[in-house]
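Q: For reference, the sequence and a predicted model appear below.
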Amino acid sequence: MKKKISLAGLALVLVLGVTGCSSTSTTEYNQEELEQYADFIVTNFSSMSDEDLAAFSEMSDLELDLTLLNAGVPVSGENFLAMINAWQAGEDECGAFVGITGEYTAETTNDGVTLTADAEYEDRSASIQFAFDDELNMDSITVSAEYSIGEILQKAGLNTILGMGTVFVVLIFLSFVISLLKFLPALEKKFRKAPAAEKAAPESASAPAPAPAAAEAADETDDSELVAVIAAAVAASEGTSTDGFVVRSIRRRKSNKWN
């Protein structure tokens, strides 16, 4: 049992040892040579205009790679164009480049080597970092502006105000939308009444129909007068009064001649 435990402990030590060795970079480099590459990039980028730097992006991949190979700079065309963009972004933030103000410091990482130096720009100071891969090819460039504590607090305050302002604007908008919901029942009721009014319109158009009833009443009045006249004529011809008989109906004969 003790033998098994000792073997397990030995295996664990070996695993940890291998892991530690694999995480440690064994890249060997010449710092002076890497600094020459960095100075070459800084010197050329700072002396070129925006039009000159933009001309590199108009080259074909093969033409750009051959140009960099002839210049002796260990960088691919794609990474070179990315470095140009990073350099221009740094000048937009810090102003025109003035010069390197300190010595390069090298640091070995798992991915390769990085060179860092302090630089002076017209508007503010910054640090420039050059990254080299494990084959010591230039990978990227980073310009990090240095802000004072007051500027940092100012930017933090502006970010806070912007964030809170956005939240309050959204909340006010939501409150406005919610306040409009109370008008929905009235609108719904209005839209329901509109079809009902359209259906009632044809019915109201036929309202004059009772006119025949009035005509019938007029006809009945005329018939009663006619009945009275006829009854009086019959009573006169018979020598009696109209109380002795009742005229219940009057029908027109087909012939207009008296029989």
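A: Thanks, I have the structure now.
Q: buried ones in the strand or helix carrying Thr43?
A: Here Thr43 sits within helix 31-47, counting by DSSP states H and E. Within helix 31-47, the residues scored as buried using 16 or more other Cβ atoms under 10 Å are Leu34, Glu35, Tyr37, Ala38, Ile41, Val42, Phe45. Bear in mind the C-beta positions are built from the backbone N, C-alpha and C, glycine included.
Q: List the contacts of the first one.
A: With contact taken as Cβ atoms under 8 Å, 6 or more residues apart in numbering, Leu34 is in contact with Tyr104, Ala106, Val113, Leu115, Phe130, Phe132, Leu136.
Q: pretty sure the third one contacts Ala106?
A: Read that as Val113. Yes. Applying Cβ atoms under 8 Å as the test, Val113 and Ala106 come out as touching, 6.0 Å apart.
Q: The two: which is more packed in?
A: When Val113 and Ala106 are compared for neighbours, Val113 comes out ahead with 21 against 14, by other Cβ atoms under 10 Å.
Q: I'd guess the more buried one is in a strand, am I close?
A: Yes. Judged by DSSP: H, G, I helix; E, B strand; the rest coil, Val113 forms part of a strand.
Q: count of neighbours near Glu28?
A: Glu28: 8 neighbours (other Cβ under 10 Å).
Q: Use 8 as the first number from now on
A: Happy to do that; since the first residue is 8 now, the last one works out to Glu35.
Q: So it belongs to a strand, correct?
A: No. Looking at Glu35 with three-state DSSP, it is coil, so not inside a strand.
Q: Local confidence estimate at it?
A: Glu35 is assigned a predicted lDDT (pLDDT) of 79.
Q: same deal with Gly24?
A: 47.
Q: just Glu85 next, same as before
A: pLDDT, read off for Glu85, is 93.
Q: so who does it touch?
A: Contacts of Glu85 (Cβ under 8 Å, 6+ apart): Asp68.
Q: Asp140 versus that one, what's the distance?
A: Going from Glu85 to Asp140 by Cβ to Cβ, to the nearest Å gives 13 Å.
Q: Show me what the host helix or strand of Leu165 is packed against.
A: Assessed by DSSP H and E, Leu165 sits inside helix 156-187. Where contact means 3 or more Cβ pairs under 8 Å, 6 or more residues apart in numbering; DSSP states H and E, helix 156-187 is not packed against any helix or strand.
Q: Distance from the chain centre to it, please.
A: What separates the centre of helix 156-187 from the centre of its chain is 18 Å, taken as Cα atoms, centre = their mean, to the nearest Å.
Q: ok, now stretch 47-59?
A: 39 Å.
Q: And the contacts of it?
A: 60, 78, 80, 90-91, 94-95, 104, 107, 135, 137, 145, 148.
Q: which among the residues you listed end up buried?
A: Buried members of those, counted by 16+ other Cβ under 10 Å: Leu60, Val80, Met90, Ile91, Trp94, Phe104, Ile107, Ile135, Phe137, Met145, Ile148.
Q: What about the residues you listed, which are in strands?
A: Phe104, Ile107, Ile135, Phe137, Met145, Ile148 (DSSP state E).
Q: closest to Leu71 among these?
A: Met145 (13.9 Å; Cβ to Cβ).
Q: Tell me which two in the ones in strands among the buried ones among the contacts of stretch 47-59 are the farthest apart.
A: Largest separation among these by Cβ to Cβ: Phe104 and Met145, giving 18.0 Å.
Q: Pipe the ones in strands among the buried ones among the contacts of stretch 47-59 into CSV and attach pLDDT per row.
A: Compiled in CSV, these are given as follows (pLDDT from 0 to 100):
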residue, pLDDT
Phe104, 94
Ile107, 92
Ile135, 94
Phe137, 95
Met145, 92
Ile148, 94
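Q: tell me, what's touching Val120 and Ala113 both at once?
A: Counting by Cβ under 8 Å, 6+ apart, the residues touching both Val120 and Ala113 are Tyr36, Leu41.
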